[in-house]
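**Q** show me how the following folds:
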Amino acid sequence: MHGDPDGLVAENTRLAKEVRELRARIAALESSRWWRLHPRFLLRRTREDGEPAPDELAGHGALPLDFDETDAELYNRVAGHTMTPPPRIYALARAVEYVVARGVPGAIVECGVWRGGSMMAAALTLRRLGATNRELFLFDTFAGMTPAGEEDVNAAGVRAADALPDAASDSDLKAAAGIEDVRRAMESVDYPRERIHLVEGPVEDTLPAAAPEEIALLRLDTDWYGSTKHELEHLYPRLAAGGVLILDDYGYWRGARRAIVEYLEENDVRLLLNRIDNSARIAVKP
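**A** Alright, predicted model coming up:
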């Protein structure tokens, strides 16, 4: 059937060697300190260095089979501005559609925005729906992650406070993006500028004073126990009935999960937290 069986054997041998080399590189990545700190940093390394992602994180760059053309276009439009993997951008777009279709009142709020990609996706979805009357609030230090606490340990058991000093000179590892860069990114999607509010500073300093009175969609992505607990205490009560809550760090950062569980139990809040992927969860407020 094949005109050159020797050539086919040689090709199979070459491919087998490449597979072995690829597995060795994956093993090296899995054992490296920067990956054990946070999966979002792996995405940056994969894009810049061409290194393969471990299986657990492979979904960060690959588009799921159920993405339609609109979903793919949206993700590709914002990919350079976010470390959020495709399933979470998809869930965010569906959440925006949900609150618009059901007339849930209030603003769209995100705490922890990095380069603004997730809120760009929200704004683009609102534009597609012809619903550009929503206020968008982006809360961030715009200078990188705040210091981690004792509670902030990742799913692999690595303390963030131990690992972060290694990344002190790397703005991406600190998730730092300047406010003017984020402003330009948001303006690039042609959403009404007067409806875009960038609030600079640690959330412990800016909330609740700078928060809108009513929220339709609340996305929390500041990683740490203290900031997550503070956000829930001040923002969840403002989330409208039928509003959507997205928790980016529930599955990965143990401190963030503890903050969420504590808040729900202390306030007798009964939510079904549905899994988006290995870290993010989503719920609709009763």
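**Q** for the rest of this, base every contact and every neighbour count on C-alpha atoms.
**A** Will do.
**Q** got the buried residues for the lengthiest strand in the chain?
**A** Looking across the chain with DSSP state E, the single longest strand is strand 239-247. Going by neighbour count (16 or more other Cα atoms under 10 Å), the buried part of strand 239-247 is 239-240, 242-247.
**Q** dump stretch 237-245 to CSV, keeping only the CA atoms.
**A** Extracted in CSV, the C-alpha atoms of stretch 237-245 (Å, rounded to 0.1, in the frame of the first residue of the first chain):
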residue,chain,number,x,y,z
PRO,A,237,-25.5,42.1,48.9
ARG,A,238,-25.7,44.5,45.9
LEU,A,239,-26.0,41.6,43.3
ALA,A,240,-29.6,41.7,42.1
ALA,A,241,-31.9,38.7,42.3
GLY,A,242,-31.3,36.7,39.2
GLY,A,243,-27.8,38.2,38.9
VAL,A,244,-24.8,36.1,38.0
LEU,A,245,-21.8,35.4,40.3
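**Q** pLDDT (mean, whole number) over stretch 134-141?
**A** The average pLDDT within stretch 134-141 is 98.
**Q** and for that stretch, what are the contacting residues?
**A** 106-114, 119, 195-203, 211 (Cα atoms under 8 Å, 6 or more residues apart in numbering).
**Q** now, the residues you listed that are in strands?
**A** 107-111, 196-200.
**Q** which one among these gets closest to residue 154?
**A** residue 111 (19.4 Å; Cα to Cα).
**Q** what pLDDT does that closest one get?
**A** 99.
**Q** that one - how many residues pack around it?
**A** Neighbour count for residue 111, taken as other Cα atoms under 10 Å: 22.
**Q** partners of it in the sheet?
**A** Taking DSSP bridges as the rule, residue 111 bridges to residue 139, residue 220.
**Q** sheet-wise, list the partners of the longest strand of the chain with their directions.
**A** In the sheet, strand 239-247 lines up with strand 215-220 (parallel), strand 281-284 (antiparallel) (DSSP bridges).
**Q** out of those, which one sits most buried?
**A** Mean neighbours per residue, mean count of other Cα atoms under 10 Å, is largest over those for strand 215-220, with a mean of 26.
**Q** ok, and what's touching the helix or strand just after it?
**A** Later in the chain than strand 215-220, the nearest helix or strand by DSSP states H and E is helix 225-235. Residues from elsewhere that reach helix 225-235 (Cα under 8 Å, 6+ apart): 111, 149, 151-152, 203-204, 207-208, 211, 215, 218, 220-222, 254-260, 263.
**Q** mean confidence score for helix 225-235?
**A** 99.
**Q** and what of stretch 261-274?
**A** Stretch 261-274 comes out at a mean pLDDT of 98.
**Q** buried residues, it. List them.
**A** Counting neighbours by 16+ other Cα under 10 Å, stretch 261-274 gives residue 263 as buried.
**Q** next one: stretch 130-149
**A** 132, 134-146, 148.
**Q** and it, how far apart are its ends?
**A** 42 Å (Cα to Cα, to the nearest Å).
**Q** how far off centre is that stretch?
**A** 12 Å (Cα atoms, centre = their mean, to the nearest Å).
**Q** for the stretch 1-150 of the chain, give me the ranges with low pLDDT.
**A** Residue ranges of the stretch 1-150 of the chain with pLDDT under 70: 1-5, 20-61.
**Q** please redo it, this time with the cut-off set to 50
**A** 1, 28-60 (pLDDT under 50).
**Q** ok, back up a step: closest to residue 157 among the buried residues of strand 239-247?
**A** Using Cα to Cα, the buried residues of strand 239-247 come closest to residue 157 at residue 247, 20.0 Å.
**Q** spit out the contact partners of that closest one.
**A** Per Cα under 8 Å, 6+ apart, neighbours of residue 247: 219-221, 280-282.
**Q** so which of the ones in strands among the contacts of stretch 134-141 is the closest to residue 126?
**A** Nearest member of the ones in strands among the contacts of stretch 134-141 to residue 126, counting by Cα to Cα, is residue 108, at 10.4 Å.
**Q** isn't that closest one right up against residue 213?
**A** No. Under the criterion of Cα atoms under 8 Å, residue 108 is not in contact with residue 213, lying 11.4 Å apart.
**Q** the two: who's more crowded?
**A** residue 108 (26 against 14).
**Q** and residue 156, which of the three is it?
**A** Following DSSP: H, G, I helix; E, B strand; the rest coil, we place residue 156 in the coil state.
**Q** related to what we said a few turns ago, now pLDDT too, for the buried residues of strand 239-247, in CSV please.
**A** As requested, the buried residues of strand 239-247 are exported to CSV (pLDDT from 0 to 100):
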residue, pLDDT
239, 99
240, 99
242, 99
243, 99
244, 99
245, 99
246, 99
247, 99
